[in-house]
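Colleague: Give the three-dimensional model of this entry:
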Amino acid sequence: MEDPQSVYSVQLEIFNGPLDLLLHLIKKHEVDIYDIPIALITEQYLEYLEFLKDVNLEIVGDYMSMAAELGYIKSRMLLPRIKEEGEEEEEDPREELVRRLLEYEKYRSAAAELGGMEILGKDIFLAGYDRREMFGEPEEETEFVKFDLWSLVDTFSKMCEDREKAETREISLAPQTYTVDERKNQVIEIMRREKEVLFEDLFEGDKNRMKLVVTFLSILELLKDGILDVFQPTFEEPIKIILREENGR
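Modeller: Modelled structure (predicted):
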């Protein structure tokens, strides 16, 4: 018998791993990468993992390994540092992690430059679209925001919270099944008709948590498959989803 959870679960390959999530958290909280508040970052990291598991994104081993590593660093930070006379200064427990984060950031920036196109984050590029054609000529030189898929997770999480507060729960006497494949087809039909929509508009009519989750996972899979693109002209503007040209038929 098929596991009911399996009808709306996806792998996590669309995200680029634990270092990517840590960089997102560091930037989100505007903290110094050389002086990471490890307790805060560990707490936030674990909250992300719980949320991703809650919406049935299958967490790969690397994410769990990093959670254990953060816990180890946090425990070492709690130990009193007693320096004996003549001893060298003990290495900061965060030093190796900082080195890896800086190395990863360099690699990510270099990959974006070598790509020769506007990077939206997590191996998703704005392919086949001219920025000036889409948004017009800027009055002054502006930098296109590098879109971070973890920000998509943030937006979805907040949307779920807001809807749970604002709406009454949908009650159904008959059990209902929602599958990612079915919802993907529905999203594709919407996108072929509209070409471009606000991220939140794709959840219109989704009144219970299961429907919200299925739609979110459908969008992630379509992004991963290269059928959709995601962009955000500036951090202040809403997230938009567009259908790639080759899929517009």
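Colleague: quick one, strands of the chain?
Modeller: 196-198, 228-231, 240-243 (DSSP state E).
Colleague: average model confidence for the first one?
Modeller: When the per-residue pLDDT values of strand 196-198 are averaged, the result is 93.
Colleague: do the same with stretch 202-220
Modeller: For stretch 202-220, mean pLDDT rounds to 87.
Colleague: now stretch 240-249
Modeller: 75.
Colleague: rewinding a little: quickly compare the strands of the chain and say which is most buried.
Modeller: The highest mean neighbour count among these, using mean count of other CB atoms under 10 Å, belongs to strand 228-231: a mean of 23. In this view, the C-beta of every residue, glycine as well, is placed from N, C-alpha and C.
Colleague: By residue count, tell me the biggest helix in the protein.
Modeller: For the chain, the longest helix by residue count, based on DSSP state H, is helix 95-115.
Colleague: could you say what helices and strands it packs with?
Modeller: On a contact count with 3 or more CB pairs under 8 Å, 6 or more residues apart in numbering; DSSP states H and E, helix 95-115 meets helix 18-28.
Colleague: pLDDT value on residue 26, please?
Modeller: 92.
Colleague: which residues touch it?
Modeller: Residues near residue 26 by CB atoms under 8 Å, 6 or more residues apart in numbering: 33, 36, 41, 101.
Colleague: cool, residue 152 as well?
Modeller: 199, 220, 230, 239.
Colleague: Out of those, which sit inside helices?
Modeller: Secondary structure defined by DSSP H assigns residue 220 of the contacts of residue 152 to helices.
Colleague: Let me know which of the strands of the chain is the nearest to residue 29.
Modeller: strand 228-231 (22.6 Å; CB to CB).
Colleague: Mind listing the residues bridging to the spatially closest residue to residue 222 that is not a sequence neighbour?
Modeller: Using CB to CB, 6 or more residues apart in numbering and skipping residues adjacent in sequence, the residue nearest residue 222 is residue 228, 4.4 Å away. Taking DSSP bridges as the rule, residue 228 bridges to residue 243.
Colleague: State the distance from residue 228 to residue 28.
Modeller: Computed as CB to CB, to the nearest Å, the residue 228 to residue 28 distance reads 24 Å.
Colleague: I'd like to know which of the strands of the chain is closest to residue 72.
Modeller: Closest approach to residue 72 among those (CB to CB): strand 228-231, 34.5 Å.
Colleague: as a whole number, average confidence for that closest one?
Modeller: Averaged across strand 228-231, the pLDDT comes to 88.
Colleague: Packing partners of that strand?
Modeller: Secondary-structure packing of strand 228-231 (3+ CB pairs under 8 Å, 6+ apart): helix 209-224, strand 240-243.
Colleague: Could I get the strands of the chain in JSON lines, plus columns for distance to residue 151?
Modeller: Output for these, formatted as JSON lines (distance: least, CB to CB, whole Å):
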{"stretch": "strand 196-198", "distance to residue 151": "14"}
{"stretch": "strand 228-231", "distance to residue 151": "9"}
{"stretch": "strand 240-243", "distance to residue 151": "13"}
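Colleague: of those, which approaches residue 77 most closely?
Modeller: Closest approach to residue 77 among the strands of the chain (CB to CB): strand 228-231, 36.2 Å.
Colleague: Could I have the CA atoms of that closest one written out in CSV?
Modeller: Once non-C-alpha atoms are left out, strand 228-231 reads as follows in CSV (Å, rounded to 0.1, in the frame of the first residue of the first chain):
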residue,chain,number,x,y,z
LEU,A,228,9.4,27.7,-14.5
ASP,A,229,11.7,30.5,-13.4
VAL,A,230,11.6,32.7,-10.3
PHE,A,231,12.7,36.3,-10.0
